[in-house]
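**Q** Okay, predicted coordinates and the sequence, questions at the end:
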Amino acid sequence: MDRIIGIGEYVTTNAPQDVIKTYALASCVAVTIYNPVIHLAGMIHIALPNPSDLQETLRRPGYYATTGIPILVDQLCRKYGSQRKDLQVKIFGGAVSIRTDDYFNIGPKNIKAVREILLGMDLKILDAYIGGEISRSITMSVRTGNIEVITLPFNF
């Protein structure tokens, strides 16, 4: 079954027939986590590094790197019994805007936040497809952990 996640959403599953997908990662960052021992997968589509206030954190925890990644890892470990040492982490997205007046620079800030959070959780990034001036859509197989990346140029 296709499990589509949008901005600020995340999913965990151990159903071998599931395929997790997210589309049009530009400045957003997707974090995929796979456990090959028990064929367990999770993905989150992060929009911003951190929330501006507590209400926002409670309303949309998956929207932010600082709140979403710990929730995703916690679900994989507590709900499914995964060992942290078995988790394979990959990150995608974090593109740079081609606009010269992009003062927010969200893509690089998202990448920095994701890396810091994963490092703080003692999780190593196995692979990273980040930066550049492209949009990425990714598809992850729960059965194999394989990830397909489709890229397109953009002009934002």
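**A** In hand now; what should we look at?

**Q** After the longest helix seen in the chain, heading C-terminal, what element do we hit next?
**A** Ranked by residue count under DSSP state H, the longest helix found in the chain is helix 106-120. Moving toward the C-terminus from helix 106-120, the next helix or strand (DSSP states H and E) is strand 125-130.

**Q** Alpha carbons only: can I get that following strand in PDB?
**A** These are the backbone C-alpha positions of strand 125-130, laid out as PDB (Å, rounded to 0.1, in the frame of the first residue of the first chain):
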ATOM      1  CA  ILE A 125      23.600   9.500   8.600                       C
ATOM      2  CA  LEU A 126      24.300   6.700   6.200                       C
ATOM      3  CA  ASP A 127      23.600   8.800   3.100                       C
ATOM      4  CA  ALA A 128      22.600  12.300   2.200                       C
ATOM      5  CA  TYR A 129      21.100  13.700  -1.000                       C
ATOM      6  CA  ILE A 130      20.900  17.300   0.000                       C
END
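
**Q** Distance from it to the middle of the chain?
**A** In terms of C-alpha atoms, centre = their mean, to the nearest Å, the centre of strand 125-130 is found 11 Å from the chain centre.

**Q** what lines up beside that strand in the sheet?
**A** Counting by DSSP bridges, the strands paired with strand 125-130 are strand 88-93 (parallel).
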